[in-house]
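> Test case, fold it:
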Amino acid sequence: MTAKLFSPFTIKDITLKNRIVMSPMCMYSSHNEDGHVENWHRTHYASRAVGQVGLIIVEATAVTPQGRISPQDLGIWSDEHVEGLQELVGLVKEHGAKIGIQLAHAGRKAELEGEIVAPSAISFNEQSKTPKEMTKAEIEETVEAFKKGAERAKKAGFDVIEIHGAHGYLINEYLSPLSNKRTDEYGGTAENRYRILREVIDAVKTVWDGPLFVRVSARDYHEDGLTPEDYITFAKWMKDQGVDLIDVSSGAVVPAHINVYPGYQVPYSETIRNGAGISTGTVGLITSPIHAEEILQNERADLVFLARELLRDPYWPRTAAKELGVDIKAPVQYERGWM
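The predicted structure is shown next:
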């Protein structure tokens, strides 16, 4: 049996050489607080491309200064950011990987000086700042900021755009009834809570015709929160809008105890994939190549996203290939020591 982990995967006009994806992980390394790419980013992302990861997704990149998680986040709110991102894209593609970027707004989880915004004026926890409830004008401005971010991502040469709708950040805050208590057309029913994501997707697609992913938190871990079954409905709507893949994570919209173990989120991916008939990626303490292969062989997801394991081992694809008995091409410079 051929290892599915090392089989190509085509989305629109982009073909990934394998099913291994580097999950977006914040580096908090834009030290001048200007959102620009630094040498750390160049080294960090290019080394995983050398390590033969199929798709690398750049960390949550803020579409507005107010939408940063921290002052050290990468940004895409200005045309001045394009040059550094373009350089990053070139470094990664030089080594045969595809590259995506996660467009993000932190909402009430922004740890910044000054005002922060959210669907409702409810803080994340007792230690967090209380956000301002967004006006409709501010919602429109934010949707436009995602569109402008997508335009800049296209100029920079990215292969994939991922919209960050997970982990308790702004779009996730609108989706969940735990954080969205609005009584206008952006709150209440599932259709209304989905409205801002619908508008963001539509706006992005006016300037972007490449592969489009959305990351979601498929379970709120709260009795009144969302479940994977709720996300089947959202995923069907996303599919109808032209989203190509749902990147399935979970949690972090409200404080909650989560029982984590290798693959704990895989059933959520499987539920959404089967229920909505859409491609999914799965993530969550996946470290074993055999485990990753089982997920793909049993069609529980189409792509395997790795996070911490790729921090520990930038050459994890080589480790996986050896364990699964697959020969993968080494960088020419490393051939003498690759296998």
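> For residue 3, the count of nearby residues, please.
21 (other CB atoms under 10 Å). In this view, the C-beta of every residue, glycine as well, is placed from N, C-alpha and C.
> ok, it touching residue 322?
No - under the criterion of CB atoms under 8 Å, residue 3 is not in contact with residue 322, lying 11.2 Å apart.
> quick one: the strands in the stretch 101-250 of the chain?
Assigned by DSSP state E, counting those that start in this stretch, the stretch 101-250 of the chain shows strands spanning 117-118, 132-133, 160-165, 212-217, 245-249.
> average pLDDT across the first one?
Confidence over strand 117-118 (mean pLDDT, whole number) is 98.
> Give me the residues contacting it.
Outside of strand 117-118, the residues within contact range by CB atoms under 8 Å, 6 or more residues apart in numbering are 66, 107-108, 131-134, 138, 170, 173, 179.
> Just give the strands next to that strand in its sheet, each with its orientation.
Using DSSP bridges, strand 117-118 pairs in its sheet with strand 132-133 (parallel).
> Let me have the strands of the stretch 101-250 of the chain in CSV, adding distance to residue 59 and mean neighbour count as columns.
Converted to CSV, these look like this (distance: least, CB to CB, whole Å; neighbours: other CB atoms under 10 Å):
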stretch, distance to residue 59, mean neighbour count
strand 117-118, 21, 24
strand 132-133, 26, 14
strand 160-165, 10, 27
strand 212-217, 12, 26
strand 245-249, 13, 28
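> any chance of those in a markdown table, with distance to residue 58 too?
Conversion of the strands of the stretch 101-250 of the chain to a markdown table gives the following (distance: least, CB to CB, whole Å):
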| stretch | distance to residue 58 |
| --- | --- |
| strand 117-118 | 24 |
| strand 132-133 | 29 |
| strand 160-165 | 9 |
| strand 212-217 | 12 |
| strand 245-249 | 13 |
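> out of these, nearest to residue 278?
strand 245-249 (5.8 Å; CB to CB).
> For that closest one, name the packing helices and strands.
strand 212-217, helix 228-241, helix 266-276, strand 279-282 (3 or more CB pairs under 8 Å, 6 or more residues apart in numbering; DSSP states H and E).
> Pull out the buried residues from the third one.
Think helix 266-276. 266, 268-273, 276 (16 or more other CB atoms under 10 Å).
> among the contacts of strand 117-118, which ones are buried?
When the contacts of strand 117-118 are checked against 16+ other CB under 10 Å, the ones flagged as buried are 66, 107-108, 131, 134, 170, 173, 179.
> Can you tell me which of those residues is nearest residue 336?
Nearest to residue 336 among the buried ones among the contacts of strand 117-118, with distances taken as CB to CB, is residue 170, at 48.6 Å.
> residues touching the nearest residue to that closest one once chain neighbours are set aside, list them.
If the residues on either side of it in the chain are set aside, residue 170 comes closest to residue 107, at 3.2 Å by CB to CB, 6 or more residues apart in numbering. By CB under 8 Å, 6+ apart, the contact list for residue 107 reads 67, 116-119, 131, 168-173.
> which ones among the residues you listed are found in helices?
170-173 (DSSP state H).
> measure residue 118 to residue 13 for me?
Residue 118 sits 37 Å away from residue 13 when distances are taken as CB to CB, to the nearest Å.
> The residue nearest to residue 281 when sequence neighbours are not counted: neighbouring residues, count only.
Nearest residue to residue 281, sequence neighbours excluded (CB to CB, 6+ apart): residue 303, at 4.0 Å. Around residue 303 there are 26 other residues, counting by other CB under 10 Å.
> my read: residue 303 touches residue 21, true?
Yes - Residue 303 is in contact with residue 21 according to CB under 8 Å; the separation is 5.1 Å.
> Between those two, which contacts overlap?
Between them, residue 303 and residue 21 share the contacting residues 55, 281, judged by CB under 8 Å, 6+ apart.
> Could you point out which residue ranges in the stretch 201-339 of the chain have low pLDDT?
Counting by pLDDT under 70, the ranges of the stretch 201-339 of the chain that qualify are 339.
> Switch the helices and strands packed on strand 245-249 over to TSV; also include distance to residue 78.
Listed next are these as TSV, based on distance: least, CB to CB, whole Å:
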stretch	distance to residue 78
strand 212-217	23
helix 228-241	27
helix 266-276	35
strand 279-282	29
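> Quick one: closest of the ones you listed to residue 127.
So among the helices and strands packed on strand 245-249, strand 212-217 is nearest, using CB to CB, at 20.7 Å.
> hmm, back to that, for the contacts of residue 107, which one is nearest residue 47?
Using CB to CB, the contacts of residue 107 come closest to residue 47 at residue 169, 26.9 Å.
> and that closest one, what does it touch?
So residue 169 contacts 60, 69, 104-107, 109 (CB under 8 Å, 6+ apart).
> what packs against the longest helix along the chain?
Assignment by DSSP H gives helix 136-156 as the longest helix of the chain. Counting contacts by 3+ CB pairs under 8 Å, 6+ apart, helix 136-156 is packed against helix 82-93, strand 98-104, strand 160-165, helix 190-205.
> For residue 191, grab the count of nearby residues.
Residue 191 has 11 nearby residues by other CB under 10 Å.
> ugh, wrong one, residue 72
By other CB under 10 Å, the residues close to residue 72 number 17.
> And stretch 213-225, end to end?
Criterion CA to CA, to the nearest Å; first-to-last residue distance in stretch 213-225 is 23 Å.
> Show me how far that stretch is from its chain's centre.
Distance of stretch 213-225 from its chain centroid, counting by CA atoms, centre = their mean, to the nearest Å, is 14 Å.
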